[in-house]
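Student: what follows is a predicted protein model with its sequence.
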Amino acid sequence: MTFNYNKTYFDRIFGESFSIVNIFTTDGNAQLDDILKTDILNDRFTAIYSLEDVEKFIPREEQAINYLTGPIYTDKISTSDFKKLNYDDLLVEIETYIANDPEDYVLISFRKLFYATLDKLRDDGIEGASFYYLNADNFPESSLFEVNVYDYYITIIVQLETGSLLRLTFGND
């Protein structure tokens, strides 16, 4: 399975909350296992702004250091950590997460960024996509970096019906 970087969208609200969309093309319909064998979850993709920033994908088993996905050690992430959702279930998952503290300005910012991101991707067929939802809040401390600077960190892998793959990242640091 080959993954090719295409482009990145970046947005920020109130100087702390951010959203990043990395778009990849694939040579087939990637399974979550295939995705986790690459370094797509590596945080270096949160800093990609051009094709010149892209390095060759490094299979996880060949990586010399332990990379992070936000506050999560990437090697601690497995397929069972993701919730597979359709579009409507994803909206329910996000609203349930926000409902834990609906007055929190950080979560209000997250909601704005989340829905603004979905609006940007509407023409790409996001409503018919498959979603793999990963929330750092669901990991034990032993899987997290010692210094966690994030109020929240959510990664969503999106498989579009066109074969494109998106990594949506939302956080507050």
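Tutor: Noted; the coordinates are in hand.
Student: for the most centrally placed residue in the chain, which non-adjacent residue is closest in space?
Tutor: Taking Cα atoms, centre = their mean, the centroid of the chain lies closest to residue 155, which sits 2.6 Å from it. Once flanking residues are discounted, residue 155 sits nearest to residue 134: 4.6 Å by Cβ to Cβ, 6 or more residues apart in numbering. Quick note: C-beta positions are derived from backbone N, CA and C, even for glycine.
Student: can I assume residue 132 sits in a helix?
Tutor: No. Counting by DSSP: H, G, I helix; E, B strand; the rest coil, residue 132 is not part of a helix but strand.
Student: so it is in contact with residue 80, correct?
Tutor: No. With contacts defined as Cβ atoms under 8 Å, residue 132 does not count as touching residue 80, sitting 11.2 Å away.
Student: who has more neighbours out of those two?
Tutor: More crowded of residue 132 and residue 80, by other Cβ atoms under 10 Å: residue 132, with 20 against 7.
Student: beta-bridge partners for that one, please?
Tutor: Counting by DSSP bridges, residue 132 is bridged to residue 84, residue 157.
Student: mind checking the SS state of the residue lying farthest from the centre of the chain?
Tutor: Going by Cα atoms, centre = their mean, the residue of the chain most distant from its centre is residue 103, 24.4 Å out. Each residue gets one of three states, and residue 103 gets coil by three-state DSSP.
Student: any stretches of the protein with poor pLDDT?
Tutor: Within the chain, the ranges that satisfy pLDDT under 70 run 15, 43-68.
Student: could you pull out the helices for it?
Tutor: According to DSSP state H, the chain carries its helices in the segments 32-36, 87-99, 105-121.
Student: any idea how far residue 146 is from residue 73?
Tutor: Distance from residue 146 to residue 73, counting by Cβ to Cβ, to the nearest Å: 10 Å.
Student: between the two, who's got more neighbours?
Tutor: When residue 146 and residue 73 are compared for neighbours, residue 73 comes out ahead with 15 against 6, by other Cβ under 10 Å.
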